[in-house]
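Enquirer: Here you go, sequence then predicted model.
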Amino acid sequence: MAQRFGGRYSPDPGSDNDPQRRKAAGPTLHRLSSRPKWVTIAALPFLFAAFFQPPIGMVANLCAFGLIAAGMWLTREGLAAEAAYDLRATSRAPAIPRKLFGGILAGLGLGLGAAEPGAIGGAALIGIVGFALHFLAFGADPMRAKGMEHADDFQADRAARMIEEGEAHLSQMQNAIRRTGDRRLEARVMGFAATVQDLFDQVREDPGDLSAARRYMGVYLQGARDATEKFASLYARSRDEKSRLAYEEFLNDLENDFKARSDKLLDGDRDDLAIEISVLRERLQREGVRPAKDAVDSRRLTSEQARTLDDLLTPADKAGKDEIR
């Protein structure tokens, strides 16, 4: 079956440069994500030289390469976790400091590869230098949560679990629709996933919204996943256009429901902000810090009283001084 070309320079609105598709596909790669690969390649001499060593030297070289490769794998995972942490406005610190453990393993691998009888001190120094270079090259892991200073830990944990389950449902939907081999359907499911991610982001920022969105993040997403898997199995065999139209209509209705829920949560946040502002204004007026609105408006010049444009734009306090004069 012919497939429409899509990519970075394609004019197709569902191509890879579409921000909605990038958001649905997951967090962007860390800018240093390619470095661990080159460090692993640089450690290949340990692997090749192992087969020309006596048994003890061969084991030491193989272990050295294995430790460095494992350290770089952990570092790459730590960079991915850091990218996801930086992408979100509110996020907890990664549970495991992967880059720290990756640096320790890389330092141990360098020290073991350089170890020789009677030169343990020099090997330890090389390992410490390797760990320091790893820290300078990749930086430290995020160690603190951000944007969650006033969040309830219990509610935030519940929200994180629900979001994790919802993202698993979305991933299963995308994997199922890929079996159809239809790029348009894949792009459509990615657009739906981006809409769901908007709801996830709001719950991350305010875990108190979980009770209002839990049914959408659990039951509805699970139903969408089951429907997608059944449709993908049917459409891959029959290419039934009626089933395709029914599925697309179902996805449109579900996406509109998720958008409506996100907008309702956002409207609730706006109402809360308006209430906070009005309460603060009333407190300032009662304490005499901020004059009442009517008193300020009564001192302002109207267009009939102003002789020039500068008089009309003059602050109220200056207008009061002119009246005293």
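Expert: Right, received. Where do you want to start?

Enquirer: From here on, just use CA atoms for contacts and neighbour counts.
Expert: OK.

Enquirer: List the buried residues for stretch 256-264?
Expert: Using 16 or more other C-alpha atoms under 10 Å as the test for burial, stretch 256-264 gives 258-259, 261-262.

Enquirer: was I right about I68 contacting L44?
Expert: No - using C-alpha atoms under 8 Å, I68 is not in contact with L44; the gap is 9.8 Å.

Enquirer: Of the buried residues of stretch 256-264, which is the nearest to D206?
Expert: Checking those against D206 with C-alpha to C-alpha, the nearest one is S262 at 12.2 Å.

Enquirer: Tell me how far the closest one lies from L44.
Expert: To L44, S262 is 51 Å away according to C-alpha to C-alpha, to the nearest Å.

Enquirer: before we move on, what about F250?
Expert: Counting by C-alpha to C-alpha, the gap from F250 to L44 is 53 Å.

Enquirer: about what we covered before: so which of I68 and L44 has more stuff around it?
Expert: Shown here are I68 and L44; by other C-alpha atoms under 10 Å, I68 has more neighbours (28 against 17).

Enquirer: which ones are touching the nearest residue to the more buried one once chain neighbours are set aside?
Expert: Nearest non-adjacent residue to I68, counting by C-alpha to C-alpha, 6 or more residues apart in numbering: A106, 4.4 Å away. By C-alpha atoms under 8 Å, 6 or more residues apart in numbering, the contact set of A106 is 67-72, 127, 130-131, 134.

Enquirer: thought M162 was touching Y216?
Expert: No - with contact defined as C-alpha under 8 Å, M162 does not reach Y216; the gap is 10.2 Å.

Enquirer: and which of the contacts of A106 is nearest to S33?
Expert: M72 (10.2 Å).

Enquirer: now the closest one: how far from L44?
Expert: Separation of M72 from L44 (C-alpha to C-alpha): 13 Å.

Enquirer: Poorly predicted segments of the stretch 51-200 of the chain, please.
Expert: Along the stretch 51-200 of the chain, the model assigns pLDDT under 70 to residues 88-91, 118, 146-155.

Enquirer: show me where it has strands.
Expert: Ranges of strands in the stretch 51-200 of the chain, per DSSP state E, counting those that start in this stretch: none exist.

Enquirer: now the helices for it?
Expert: Using DSSP state H, counting those that start in this stretch, the helices of the stretch 51-200 of the chain run over 55-87, 98-114, 120-138, 153-178, 183-205.

Enquirer: tell me the most buried of the ones you listed?
Expert: Mean neighbours per residue, mean count of other C-alpha atoms under 10 Å, is largest over these for helix 98-114, with a mean of 25.

Enquirer: Specify the angle between that helix and helix 55-87 in degrees.
Expert: 160 degrees (axes from the mean of the first three to the mean of the last three C-alpha atoms, to 10 degrees).
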